[in-house]
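**Student:** quick one, fold the following:
(one chain, ligands or ions: 1)
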Amino acid sequence: MPSVISKYLNPHGVHERLIGNREYLSKALIASSLILYGGKLSYPILMKVCYQKSSSERTANDEAVTSTAVLRGEQNGAYQKPKDGLCNGDSVPSGENKLIDNNNKTSVANGNLLDAKLTTDPFDGDALSEKPKQTPKKKLMSVGFDKDFIIRLYKLLRLMIPSVVCKETGLLFIHTCALTVRTFLSIFVASMEGQMVKFIVRKDVKNFAYMILKWLAVAVPATFINSLIRYLECKLALAFRSRLVNHAYKLYFKEETYYRVSNIDGRIENADHRLTEDISAFASSVAHLYSHITKPLFDCALIGFALARSSKKMGAAAIPGPLLALVMISMTGQILRIVSPKFGMMVAIEAERKAYLRHIHTRVITNAEEIAFYRGHEVEQSHLENSYNALVRQKNRILLQKLWYVVLEQFLMKYVWSGTGMVIVSLPLLTGVKNSAASANSELGISERTEYFATARNLLINGGDAVERLMSSYKEIVELAGYTYRVSLMYDVFDDVSKGKYERNSIVSATKQHPACPLRFSENGQLVAMGVIENSTDGSISLKNVPVVTPNGDVVVPSLTLTISPGNHLLITGPNGCGKSSLFRILSGLWPIYYGTLVKPPKCSMFYIPQRPYMSLGNLREQVIYPDTISKMRKKGLTDEDLERCLERVRLSYLITREGGWDATADWKDILSGGEKQRMAIARLFYHKPAFALLDECTSAVSIDVESDMYQAAKDEGITLLTISHRPSLWKFHTQILKFDGEGGWALKFLTENYAVDEVNEDDFKLENCETKTEN
Ligand SMILES: Nc1ncnc2c1ncn2[C@@H]1O[C@H](COP(=O)(O)OP(=O)(O)OP(=O)(O)O)[C@@H](O)[C@H]1O
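**Tutor:** So this is what the prediction gives:
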């Protein structure tokens with residue numbers, strides 16, 4: 001090689017004196033390239049060793065900090081198991097409800113390095129080299145071909161193939177048969193090609209023409225089988241995806257998981273991307289890998305057998321060739337495994353960034369009007385560009401790593417294996433007993449050896465191709481590990497959240513403790529929800545010493561005690577951010593209760609109308625009956641006339657003619673005005689007629705006269721109102737007022753006709769007052 005390079009260095013001998021001895025220079029060039037390449041290959045291994053060392057040192061320091069924090073958390077209150085006795089369909093924030101303290105247990109400590117990085121700053125320059133903000137407590141998570149990956153994959157496979165007799169097993173069986181037939185056809189074609197070469201050497205035109213016809217005849221089933229394999233692979237991917245998606249949807253819509261996963265738990269962001277793109281990529285990857293691994297395995301076994309048989313036919317020993325191949329393959333495989341970059345982790349980061357980019361796009365579409373009014377396009381464009389550039393950086397990083405990896409892979413597989421293949425093919429010719437001097441020179445001997453050589457060469461090419469595919473599958477397996485991690489984490493989080501176990505990358509510490517709110521932390525710094533939910537026997541709602549705590553662990557109201565009996569209409573007021581809506585979240589069961597007792601009627605007795613009315617997909621009828629379906633409405637014995645009466649009460653009946661009847665569909669979010677949307681939301685109240693209406697400033701865009709009519713109509717229907725409002729015009733519809741002071745204090749008063757909201761005594765909001773109430 002040095003001599004070849006030296007020729008390139010100075011092809012015409014012009015700079016002979018200038019550059020000295022070309023041979024030395026070429027050797028130096030090759031040596032430095034090899035050193036550089038060696039350095040490149042060993043860099044990741046060295047970095048890994050160094051990082052492990054430094055992280056174990058940090059872990060030791062961390063343990064000390066953690067134990068102090070936990071001790072502080074442990075001092076507060078004793079653990080109580082929640083009581084049973086809930087109504088049907090109620091979600092119970094059980095004693096298992098948890099919120100992770102980021103001081104003590106970081107997402108990295110939980111093995112979630114990727115999420116920690118990406119949640120912190122999605123536009124980091126170099127996610128792989130970036131150090132997480134929190135120091136790891138346990139070992140760093142690995143996304144690669146390891147024990148964790150096998151366990152995760154096994155769990156997902158059980159979801160994808162639930163039983164021995166199912167559609168997926170049937171598809172797998174047909175797929176496997178097709179792959180086996182394809183391998184036999186390859187061997188058959190290789191032997192036919194060998195015979196063709198033999199007839200060419202013998203100048204046997206008739207047999208050669210016959211072989212060509214036979215070869216073409218075999219091509220028809222061979223191409224069909226090839227196409228069938230691809231078809232089955234796609235069908236299998238689709239079947240796997242459907243299983244995973246169905247299971248994910250079940251979990252996602254169980255116990256308001258779709259809300260809690262983004263609002264209370266902080267482990268996964270952009271669940272939509274995981275539910276769509278990641279599941280799809282995972283299912284395709286598994287189906288593809290199945291054929292990518294199974295077929296080469298068949299090929300290797302059958303081709304090895306065919307090769308050994310033809311070596312034996314040539315009178316040579318059958319063992320040395322395959323043995324040499326085996327040694328070579330395992331050696332190259334080992335080298336590739338050691339130097340392989342962490343593709344799994346890189347792919348997982350790439351998927352996270354894709355999800356973030358999509359999230360930003362969705363935000364722009366959802367808030368297009370607001371952005372346009374503000375002329376906020378420059379800011380939005382920069383957000384989009386930043387997230388896109390972060391994705392491109394990650395893609396470039398993967399491409400670069402692949403470049404170096406493929407260089408080595410190709411060198412080993414193309415050149416080292418070809419050389420070994422030549423040795424394996426020539427061994428029987430050089431050592432076989434049929435190659436004696438006499439037979440070697442006979443015409444028959446030459447044609448037989450040519451046939452053997454052509455067949456063996458074809459088989460070996462196919463075999464080499466199979467092993468190459470097996471080896472490159474390793475890269476795909478590691479990439480699959482990335483998707484497996486994301487999909488299985490999604491399922492784990494959905495499962496945990498539906499059971500009331502939460503983790504959040506937020507700072508929750510014992511310093512947030514309040515004397516009136518004895519929060520309890522678990523061993524690893526998680527907030528434990530000790531609150532009890534009980535079923536109401538008299539149809540009233542009552543809270544006893546229940547604190548209002550945000551998902552971040554902020555105590556907004558340390559302790560709240562009140563009872564709302566049917567017919568006792570409650571007005572809730574107070575400054576912004578004082579916890580009014582949060583109280584409704586607690587009553588609706590969306591937020592866990594960390595202390596005290598909540599007694600409430602079944603969920604179906606309470607109907608919540610939010611500040612921002614939600615318009616669903618579907619026709620006009622479906623807007624009024626939401627969240628009922630049309631079949632449910634019919635089951636209740638209600639008709640379109642009943643719905644019209646609901647619309648009349650909120651003065652929206654003109655919509656039926658304006659929009660073209662009950663079956664008219666439109667993008668209701670855009671075509672209805674703010675006030676119309678709020679009135680539509682109130683129309684739902686008249687349709688469902690619940691015992692309690694939780695009205696969260698839901699009439700702020702409605703004119704005062706219509707608002708008064710709606711409130712009076714709701715009371716006439718026997719609905720008990722719980723209203724959050726700053727409008728004094730509404731107080732006359734209520735019998736009690738709950739006023740928060742914005743600093744944790746609150747007061748509950750009965751309203752008389754002449755009693756104005758502002759007259760609630762300031763002294764009622766002293767914090768001591770709350771503590772007194774707690775003790776009571
Ligand atoms: N999902 C959440 N995660 C963390 N904190 C939250 C969350 N939702 C609300 N908070 C915090 O809880 C506190 C109370 O919020 P809440 O929505 O109850 O206020 P509010 O009294 O209804 O205010 P407003 O009158 O402005 O609607 C606020 O400080 C808010 O920042």
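
**Student:** avg pLDDT for stretch 641-650?
**Tutor:** Average pLDDT, stretch 641-650: 94.

**Student:** would you mind listing the buried residues in it?
**Tutor:** 643, 646-647, 649-650 (16 or more other Cβ atoms under 10 Å). In short, each C-beta sits where N, CA and C put it, glycine included.

**Student:** so which of the residues you listed sit within helices?
**Tutor:** Among those, the members found in helices (DSSP state H) are 643, 646-647, 649.

**Student:** and the ligand, which of these reach it?
**Tutor:** When Cβ under 6 Å from any ligand atom is taken as the criterion, no member of these contacts the ligand.

**Student:** nearest to the ligand, out of the residues you listed: which one, please.
**Tutor:** residue 649 (26.0 Å; Cβ to the nearest ligand atom).

**Student:** centre of the chain to the helix or strand encompassing residue 331, how far?
**Tutor:** Residue 331 is part of helix 320-339, with elements assigned from DSSP states H and E. In terms of Cα atoms, centre = their mean, to the nearest Å, the centre of helix 320-339 is set 36 Å apart from its chain centre.

**Student:** got the buried residues for the next helix or strand after it?
**Tutor:** Counting by DSSP H and E, the next helix or strand C-terminal to helix 320-339 is helix 343-366. Along helix 343-366, these residues count as buried under the neighbour rule (16+ other Cβ under 10 Å): 343-358, 360.

**Student:** what's the answer for stretch 270-283, then?
**Tutor:** Here stretch 270-283 shows 270-271, 273-275, 277-283 as buried, counting by 16+ other Cβ under 10 Å.

**Student:** how about stretch 401-413?
**Tutor:** So stretch 401-413, judged by 16+ other Cβ under 10 Å, has buried residues 401, 404-405, 408-409, 412-413.

**Student:** so how far is that stretch from its chain's centroid?
**Tutor:** Centre to centre, stretch against its chain (Cα atoms, centre = their mean), the figure for stretch 401-413 is 30 Å.

**Student:** show residues contacting that stretch.
**Tutor:** 40-41, 332, 335-336, 339-341, 343, 346, 464, 467-468, 471-472, 475 (Cβ atoms under 8 Å, 6 or more residues apart in numbering).

**Student:** pull out the buried members of these.
**Tutor:** Of the contacts of stretch 401-413, these count as buried by 16+ other Cβ under 10 Å: 41, 332, 336, 339-341, 343, 346, 464, 467-468, 471-472, 475.

**Student:** also near the ligand: which of the buried residues of stretch 401-413, exactly?
**Tutor:** Of the buried residues of stretch 401-413, not one also sits near the ligand (Cβ under 6 Å from any ligand atom).

**Student:** out of the buried residues of stretch 270-283, the closest to the ligand would be?
**Tutor:** Among the buried residues of stretch 270-283, and counting by Cβ to the nearest ligand atom, the member closest to the ligand is residue 271, at 15.3 Å.

**Student:** isn't that closest one right up against residue 490?
**Tutor:** Yes. Residue 271 lies in contact with residue 490 (Cβ atoms under 8 Å); the separation is 6.7 Å.

**Student:** just want the most central residue of this protein.
**Tutor:** Nearest to the geometric centre of the chain sits residue 274, at 3.3 Å (Cα atoms, centre = their mean).

**Student:** part of a strand, is that residue?
**Tutor:** No. Checked against DSSP: H, G, I helix; E, B strand; the rest coil, residue 274 lies outside a strand; its state is helix.

**Student:** could you measure from it over to residue 350?
**Tutor:** 14 Å (Cβ to Cβ, to the nearest Å).

**Student:** tell me the angle of whichever strand or helix holds residue 157 relative to helix 343-366?
**Tutor:** Here residue 157, judged by DSSP H and E, is contained in helix 147-160. If you take axes from the mean of the first three to the mean of the last three Cα atoms, to 10 degrees, helix 147-160 sits at 60 degrees to helix 343-366.

**Student:** what about the stretch 351-500 of the chain, any weak spots by pLDDT?
**Tutor:** Across the stretch 351-500 of the chain, the ranges flagged by pLDDT under 70 are 428-447.

**Student:** so who does the residue in it that the ligand sits nearest to touch?
**Tutor:** In the stretch 351-500 of the chain, the residue that lies nearest the ligand is residue 497 (13.8 Å; Cβ to the nearest ligand atom). Residue 497 makes contact with 255, 257, 260-261, 264-265, according to Cβ under 8 Å, 6+ apart.

**Student:** export these as JSON lines, with columns for secondary structure and distance to residue 301.
**Tutor:** Putting those into JSON lines (DSSP: H, G, I helix; E, B strand; the rest coil; distance: Cβ to Cβ, whole Å) gives the following:
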{"residue": "255", "secondary structure": "coil", "distance to residue 301": "50"}
{"residue": "257", "secondary structure": "helix", "distance to residue 301": "46"}
{"residue": "260", "secondary structure": "helix", "distance to residue 301": "50"}
{"residue": "261", "secondary structure": "helix", "distance to residue 301": "46"}
{"residue": "264", "secondary structure": "coil", "distance to residue 301": "53"}
{"residue": "265", "secondary structure": "coil", "distance to residue 301": "48"}
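
**Student:** with distance to the ligand and pLDDT added, can I get the residues you listed in TSV?
**Tutor:** Below are the contacts of residue 497 laid out as TSV (distance: Cβ to the nearest ligand atom, whole Å; pLDDT from 0 to 100):
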residue	distance to the ligand	pLDDT
255	17	83
257	15	91
260	10	89
261	12	89
264	7	85
265	11	84
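
**Student:** quick one: low-confidence ranges for the stretch 651-776 of the chain?
**Tutor:** Those would be 752-776, if you go by pLDDT under 70 across the stretch 651-776 of the chain.

**Student:** would you mind listing what in the stretch 551-700 of the chain touches the ligand?
**Tutor:** 551-552, 556, 576-582.

**Student:** buried among these? Make that a PyMOL selection.
**Tutor:** Burial among these is assessed by 16+ other Cβ under 10 Å; the matching PyMOL selection reads:
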select buried, resi 551+556+578+579+580+581+582
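
**Student:** just the ones in strands from the residues of the stretch 551-700 of the chain next to the ligand, please.
**Tutor:** residue 556 (DSSP state E).

**Student:** in helices only, show me the residues of the stretch 551-700 of the chain next to the ligand.
**Tutor:** Per DSSP H, these map to helices at 580-582.

**Student:** surely residue 613 and residue 698 touch.
**Tutor:** Yes. With contact defined as Cβ under 8 Å, residue 613 reaches residue 698; the gap is 7.0 Å.

**Student:** more neighbours, the two?
**Tutor:** Neighbours were tallied for residue 613 and for residue 698 using other Cβ atoms under 10 Å; the higher tally belongs to residue 698 (26 against 22).

**Student:** and for the more buried one, nearest residue in space, chain neighbours not counted?
**Tutor:** residue 609 (4.1 Å; Cβ to Cβ, 6 or more residues apart in numbering).

**Student:** contacts only, for that neighbour.
**Tutor:** Residue 609 neighbours (Cβ under 8 Å, 6+ apart): 681-682, 684-685, 693-696, 698.

**Student:** now compare those and name the two farthest from each other.
**Tutor:** For these, the farthest-apart pair by Cβ to Cβ is 684 and 696; their separation is 13.9 Å.

**Student:** what does this structure put close to the ligand?
**Tutor:** So far as Cβ under 6 Å from any ligand atom goes, the chain lies against the ligand at 263, 550-552, 556, 576-582.

**Student:** make CSV from these and add pLDDT to it.
**Tutor:** Below are the residues of the chain next to the ligand laid out as CSV (pLDDT from 0 to 100):
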residue, pLDDT
263, 85
550, 87
551, 83
552, 80
556, 90
576, 91
577, 90
578, 92
579, 92
580, 94
581, 93
582, 94
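
**Student:** wait, what's in contact with residue 751?
**Tutor:** 571, 731, 734-737.

**Student:** thank you kindly, that will do.
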